[in-house]
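> Fold the following, please.
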Amino acid sequence: MNAIPKPDTPHASPQPLSRTIQPAWVRISHWLNALAAVLMMLSGWRIYDASPVFHGFRFPPGITLGGWLGGALQWHFAAMWLLFFNALFYLAMNLVTGRIASKFFPLSPRAIVHDLGEALKGHLSHADPSRYNAVQKFAYLFVMLDIAVLIVSGLAIWKSVQFPLLRELMGGYDFARVVHFCAMALLAGFIVVHVTMVALVPRSLLTMIRGR
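Now for the predicted structure:
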């Protein structure tokens, strides 16, 4: 008697391996940049209070870093070197790996306006954390440029005599201070918006901690 054939045993489909969304160098440089930016802002506010750009406006001492002008300058310069070298590393790695082209482009004003409208209506999807929407692309490119302006304007203030051409390109010493202050204010605004978006989409924080 012929044996009754047994039905094929179903095989469980292999689970997809967890893929890395944010490589280690991105995560490390991101957190170092964040640390340097916060230290520079808090110490910069103390430096600003010693000689305000806008008379009548000062930062509360309780939210500044350094305790006094000399201490604030030490914190500021230490954080400046961290920001400078880490930003160079981040930019170089993005260019070498091709990440800047794949992650941040293509980008168009129409796409930014569209995705911003979808975000304001709560319709913007965050299902795939490996892909940035147009608003994210614009925001991250903007903050890269803003940090570059902070570094250049800060150098024009710090080494005004040694770099007269840079000082003049910035519109003079006094205007370089205004540019530096405005770039700092824009960076502070970016941080507030960024932290708010992370609170709304907590998974983005996890990817920047564990990479996936």
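
> What is the burial count for E168?
Neighbours of E168 under the rule other Cβ atoms under 10 Å: 13. In this view, the C-beta of every residue, glycine as well, is placed from N, C-alpha and C.

> any low-confidence regions in the chain?
For the chain, applying pLDDT under 70 flags the ranges 1-18, 127.

> could you pull out the helices for it?
Remark: helices assigned in the chain by DSSP state H are 24-50, 69-97, 99-104, 109-120, 134-158, 164-169, 173-200, 203-210.

> quick one: which of those is nearest D128?
Across these, D128 has its closest neighbour in helix 203-210 (10.4 Å, Cβ to Cβ).

> how far is that closest one from where the chain is centred?
The chain centre lies 14 Å from the centre of helix 203-210; the measure is Cα atoms, centre = their mean, to the nearest Å.

> relative to helix 134-158, how tilted is it?
Relative orientation of helix 203-210 and helix 134-158, computed by axes from the mean of the first three to the mean of the last three Cα atoms, to 10 degrees: 60 degrees.

> Pull the contacting residues for I147.
Counting by Cβ atoms under 8 Å, 6 or more residues apart in numbering, I147 touches 33, 37, 83, 87, 187.

> Just flag the most distant two among those residues.
Pairwise distances across the contacts of I147 (Cβ to Cβ) peak at 12.2 Å, for the pair A87 and L187.

> about what we covered before: between the contacts of I147, which is closest to V143?
For the contacts of I147, the residue nearest V143 by Cβ to Cβ is L187; the value is 6.8 Å.

> Give me the neighbour count for the residue nearest to that closest one when sequence neighbours are not counted.
Nearest non-adjacent residue to L187, counting by Cβ to Cβ, 6 or more residues apart in numbering: D146, 5.5 Å away. When neighbours are defined as other Cβ under 10 Å, D146 has 19 of them.

> same check, this time on G56
Neighbours of G56 under the rule other Cβ under 10 Å: 5.

> Now it, what are its backbone angles?
The phi/psi pair for G56 (degrees, to the nearest 10) reads phi 100, psi -10.

> Could you report the distance from the spatially closest residue to H126 that is not a sequence neighbour to S160?
In space, not counting the residues next to it along the chain, H126 is nearest to V201; the distance is 4.9 Å by Cβ to Cβ, 6+ apart. Taking Cβ to Cβ, to the nearest Å as the measure, V201 falls 43 Å from S160.

> how close does the residue lying closest to N86 once chain neighbours are set aside get to M40?
Spatial nearest neighbour of N86, chain neighbours left out: L32 (4.6 Å); criterion: Cβ to Cβ, 6+ apart. Relative to M40, L32 is positioned 12 Å away (Cβ to Cβ).
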